[in-house]
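Q: Take a look and give me a structure for this.
(one chain, ligands or ions: 1)
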Amino acid sequence: MALEIVDYFDLDLDIVDDLSNALYIYKELYSDCYNKRKKITEKEFKALSKKMYKECTRKGVQKNENNNEAIVLNIVRLRHQRAQLLGYENHAQYVLEERMAKSPATVFDFSQNILDKALPAAKAEMETLKTYGKEQLGLDRLEKWDGSFVGEKLRQATFNFEEEVLKPYLPLQACVKGMFEIAHKLYGLNFSEVNDIPVYHKEVSTYKVYDQKGAFVSYFYTDFHPRPGKRGGAWMTSFRSQYKKDGQDYRPQIAIVCNFSSPTSKTPALLTFQELTTLFHEFGHALHGMLANTTYPSLSGTSVSWDFVELPSQIMENWCYEKEALSLFAKHYKDQSLIPMELVQKIKDQATFLEGMATLRQLSFGLLDMAWHSSSPDEIKDVVAFENEAFKGTDLYPSVAESCMSTAFSHIFQGGYAAGYYSYKWAEVLDADAFEKFKEAGIFNSKVAADFKEFILSKGGSEDPMVLYKKFRGSEPKPEALLKRAGLLN
Ligand SMILES: [Zn+2]
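A: Numbering: from 1, shown residues only. Modelled structure (predicted):
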């Protein structure tokens, strides 16, 4: 991020169009200050984070012309009306009928179940943060805007580890080769780089993908580095979905696009560990697209239920933490020495650091979303009061006056996540539970991989996702594997 600290001070928050954007900048500010890229005293930093927090969280709830409270109530009322016109009790029921979860009751039970496990851990973590904040940073009271800062300080003190040390072991080209090898071991795929396919930019690489019998499976495009005009982030896309017509199987054209640092004159492109998991994540979506075997393009590949689509992508991330997988490719670009597994272990340990609180936060957003979309709007009089009620039981910090999430909760009031926010956690449960089957049999077990390909990757949205999942797993998804992975279950 090229913003100087002065830009943060001068930032006109009205130009930040939604809360997630504001929080993103807020996070960048934090990370810049933690990493001491910006010169700022601790006192200035504390004052600034309080200011940023307060400004970010009162968007749309201030008594001015940008107040969103009436709009929120109106959206909720209209959605409810539509649901009732169509014969549903409420908007959540209307939406969830076509999701894997099927009903609001399932989502509430699912959330409560995980909440019960996460709450004791979160409370204990909160006490640790308070003590650390008091003893090490002189904070008498831990406020919402202190949480990330104190957490980060504690993380540094606990782990004494910078992720940067892993980068030399993760040259992009080797990681991509390793990823192809893993797809070969699991699904028998062979990737052959070709130069005769038209591309939209010279940095795009192209592959033809074949199965073990030599039959053509898919075209595959990769576009890895940032350049002017290219959107940030990482995603998978299909230029053409797989489909069948008049006896012919039209194979798909699948791409993944990322924004990994480019190589320099001295070093190859090197990934952070987080970027490695991003690469595998997008590749998981790509496999869903490439291995599709359905009749209709509208049901092909990733055209599945909202709460099912992240299973193929998130499950791939698990291979990044396994020695058997890493030893295929994660070697120092200078001397080819293997990535030290104790460093990978530190990454794993860090991933579950303060996980109770993180889980609580994630669940609280899902519960707020469900509250808005499964209540009768006639009974909702006040946006802030309604939100506070929904957050009850998940909020461990002292409350902050004049703050509201709902009035800037663009996921559910602007984006497509209404009655769908739970799907983030839902997908984690799926991927952890599904990967457990690989772990039990061996992460390259060919029978488990064949089943995953047959029941999950090839079917797209042509069958009910729960039916497909049960065919693969033998039972409905259970949260235990996720809770274990998150360190919330002993
Ligand atoms: Zn994804």
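Q: Could you tell me how far residue 353 is located from residue 392?
A: 26 Å (Cβ to Cβ, to the nearest Å). In short, each C-beta sits where N, CA and C put it, glycine included.
Q: so where's the chain uncertain?
A: 1-40, 490 (pLDDT under 70).
Q: Name the single longest strand found in it.
A: strand 216-223 (DSSP state E).
Q: That one pairs with which strands, parallel or anti?
A: strand 205-210 (antiparallel), strand 253-257 (parallel) (DSSP bridges).
Q: Show me the contact partners of that strand.
A: 176, 189, 191, 197, 199, 201, 203-211, 239, 242, 251-258, 286, 289-291 (Cβ atoms under 8 Å, 6 or more residues apart in numbering).
Q: Could I have the PyMOL command that selects the buried members from those?
A: Those of the contacts of strand 216-223 that count as buried under 16 or more other Cβ atoms under 10 Å are selected in PyMOL with:
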select buried, resi 176+189+191+205+206+207+208+209+210+242+251+252+253+254+255+256+257+258+286+289+290+291
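Q: roughly how far apart are the closest residue to residue 271 other than its chain neighbours and residue 332?
A: Closest residue in space to residue 271, ignoring its immediate chain neighbours: residue 170 at 4.2 Å, by Cβ to Cβ, 6 or more residues apart in numbering. The gap separating residue 170 from residue 332 is 9 Å, by Cβ to Cβ.
Q: Show me whatever sits in contact with both of these two.
A: By Cβ under 8 Å, 6+ apart, the residues touching both residue 170 and residue 332 are residue 339.
Q: who's more crowded, the two?
A: Ranked by neighbour count (other Cβ atoms under 10 Å), residue 170 and residue 332 place residue 170 first, with 25 against 16.
Q: which other residues reach stretch 457-465?
A: In contact with stretch 457-465 (Cβ under 8 Å, 6+ apart) are residues 100, 187, 287-288, 291-296, 298-305, 307-308, 312, 468.
Q: Tell me which stretches of the stretch 201-350 of the chain form strands.
A: 205-210, 216-223, 235-240, 243-245, 248-250, 253-257 (DSSP state E, counting those that start in this stretch).
Q: would TSV of the ones you listed with distance to residue 269 be doable?
A: Compiled in TSV, those are given as follows (distance: least, Cβ to Cβ, whole Å):
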stretch	distance to residue 269
strand 205-210	12
strand 216-223	12
strand 235-240	19
strand 243-245	35
strand 248-250	33
strand 253-257	15
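Q: of these, which approaches residue 77 most closely?
A: strand 235-240 (34.0 Å; Cβ to Cβ).
Q: So this protein: which segments form each domain?
A: As recorded under automatic domain parsing, the domains making up the chain are 5-57, 187-317.
Q: Just tell me which of those domains ends up closest to residue 336.
A: That would be domain 187-317 among the domains of the chain, by Cβ to Cβ, at 13.0 Å.
Q: now that closest one: how far from the chain's centre is it?
A: Mean-position distance between domain 187-317 and its chain equals 18 Å (Cα atoms, centre = their mean, to the nearest Å).
Q: First-to-last residue distance for that domain?
A: 16 Å (Cα to Cα, to the nearest Å).
Q: before we move on, what about stretch 450-468?
A: Stretch 450-468 has an end-to-end distance of 14 Å (Cα to Cα).
Q: And for stretch 171-189, what's in contact with it?
A: Residues contacting stretch 171-189 (Cβ under 8 Å, 6+ apart): 190-191, 209-212, 217, 222, 224, 260, 263, 268-271, 276, 279-280, 283, 287, 290-291, 319, 325-326, 328-331, 333, 444, 446, 449, 452-453, 457.
Q: The stretch 151-300 of the chain: helices as residue ranges?
A: 172-187, 273-290 (DSSP state H, counting those that start in this stretch).
Q: so can I have a markdown table of these showing distance to residue 131?
A: Below are the helices of the stretch 151-300 of the chain laid out as a markdown table (distance: least, Cβ to Cβ, whole Å):
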| stretch | distance to residue 131 |
| --- | --- |
| helix 172-187 | 40 |
| helix 273-290 | 29 |
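Q: Please identify the most buried of these.
A: helix 273-290 (a mean of 24; mean count of other Cβ atoms under 10 Å).
Q: So what angle separates the directions of it and strand 205-210?
A: 50 degrees (axes from the mean of the first three to the mean of the last three Cα atoms, to 10 degrees).
Q: Which strands or helices does helix 273-290 pack on?
A: Helix 273-290 makes packing contacts with helix 172-187, strand 216-223, strand 235-240, strand 253-257, helix 311-317 when contacts are defined by 3 or more Cβ pairs under 8 Å, 6 or more residues apart in numbering; DSSP states H and E.
Q: distance from the centroid: which residue in the chain tops it?
A: For the chain, the residue at maximal distance from the C-alpha centroid (Cα atoms, centre = their mean) is residue 246, at 39.0 Å.
Q: Show the backbone phi and psi for it.
A: phi 50, psi 40 (degrees, to the nearest 10).
Q: For residue 322, grab the count of nearby residues.
A: If we define neighbours as other Cβ under 10 Å, then residue 322 has 18 of them.
Q: helix/strand/coil for the closest residue to it other than its chain neighbours?
A: Residue nearest to residue 322 in three dimensions, not counting chain neighbours: residue 443, with 5.3 Å by Cβ to Cβ, 6+ apart. Residue 443 falls in the coil class when you classify it by DSSP: H, G, I helix; E, B strand; the rest coil.
Q: right, and residue 443 touches residue 321 too?
A: No - using Cβ atoms under 8 Å, residue 443 makes no contact with residue 321, being 10.0 Å away.
Q: one step back: can I get the strands paired with strand 216-223 in JSON lines with distance to residue 91?
A: Output for the strands paired with strand 216-223, formatted as JSON lines (distance: least, Cβ to Cβ, whole Å):
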{"stretch": "strand 205-210", "distance to residue 91": "41"}
{"stretch": "strand 253-257", "distance to residue 91": "33"}
